[in-house]
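Q: Turn this into a model:
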Amino acid sequence: MRDQPIENIIFDLGGVLVDWDPKYLYNKVFNYDQEKLNWFLENICTNDWNVEQDAGRSLAEATNLLIEKHPEQELYIRMFYDRWEEMLKGEIHGTVEILEQIKQKDQKQLYALTNWSAETFPIALERFDFLELFKGIVVSGTEKTRKPFDDIYQILLRRYNLTASASLFIDDNRENVEAARRNGLIGIHFQDPNQLRSELEKLEILI
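A: Numbering: from 1, shown residues only. The predicted structure is shown next:
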């Protein structure tokens, strides 16, 4: 039993509550040729390129920069945001069930802290009803910074007047969890809904 009770629970979205992966689109584009798919995502529309949009770079600028660098790949580069919705497979049901159970108990405040482009996040808001369960959501693209940089955790804490040591942060990226801990939050490295449920039961958030 913790000396200080957990008052706030902060969820990452992609990979924890939302099943998003560029492979869902490019598997179709490349006819499930894994060699072509992996080469494209490792060399053209890379994760390093994508996270700059999460940090506030516009989709148009990002697309144009990549086309200038790889003009022969223009068709496939444009698909990344033209067909971005096809990368959203849906919600991760087991985690959404946990979120709903916590909300039903009405003892914790729920927040989200997500690395997400400000231009594509409205699509998620329209598609996923469970986002209405959060008291507040901090979107990296809107803030022009992202996890694991310290300032985005501080933005969340200040904006909603949260005590870090009474706040639990859940993310599927270990580096983001370590950064949260560095900023005084309690961290859980998410692996799957069953593991998360077990961790929350140990903390007596779910009983």
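
Q: Parallel or antiparallel, list what pairs with the strand or helix carrying Leu113.
A: Per DSSP states H and E: Leu113 is located in strand 109-114. Looking at strand 109-114 with DSSP bridges, its partner strands are strand 8-11 (parallel), strand 136-139 (parallel).

Q: tell me, how many neighbours does Ile137 end up with?
A: Here the number of neighbours of Ile137 (other C-beta atoms under 10 Å) works out to 20. Yep, even glycine has a C-beta here, placed from its N, CA and C like the rest.

Q: wait, Glu175
A: By other C-beta under 10 Å, 11 other residues sit near Glu175.

Q: Any figure for the gap between it and Arg146?
A: 11 Å (C-beta to C-beta, to the nearest Å).

Q: circling back to that earlier point, which stretch among the strands paired with strand 109-114 comes nearest Asp150?
A: Each of the strands paired with strand 109-114 has some distance to Asp150 by C-beta to C-beta; the shortest is strand 136-139, at 13.5 Å.

Q: Can you point out the buried residues in the closest one?
A: Neighbour-count burial for strand 136-139, counted by 16 or more other C-beta atoms under 10 Å, picks out Ile137, Val138, Val139.

Q: is the last one in a bridge, and if so with what?
A: Yep, that's Val139 we're talking about. Assessed by DSSP bridges, Val139 has beta-bridge partners Thr114.

Q: the domain parsing of the protein - what is it?
A: Recorded structural domains for the chain (assignment: automatic domain parsing) are 8-17+92-202, 21-88.

Q: ok, which stretches of the chain are strands?
A: Using DSSP state E, the strands of the chain run over residues 8-11, 18-20, 88-91, 109-114, 136-139, 167-171, 186-189.

Q: avg pLDDT for stretch 189-207?
A: When pLDDT is averaged over stretch 189-207, the result is 95.
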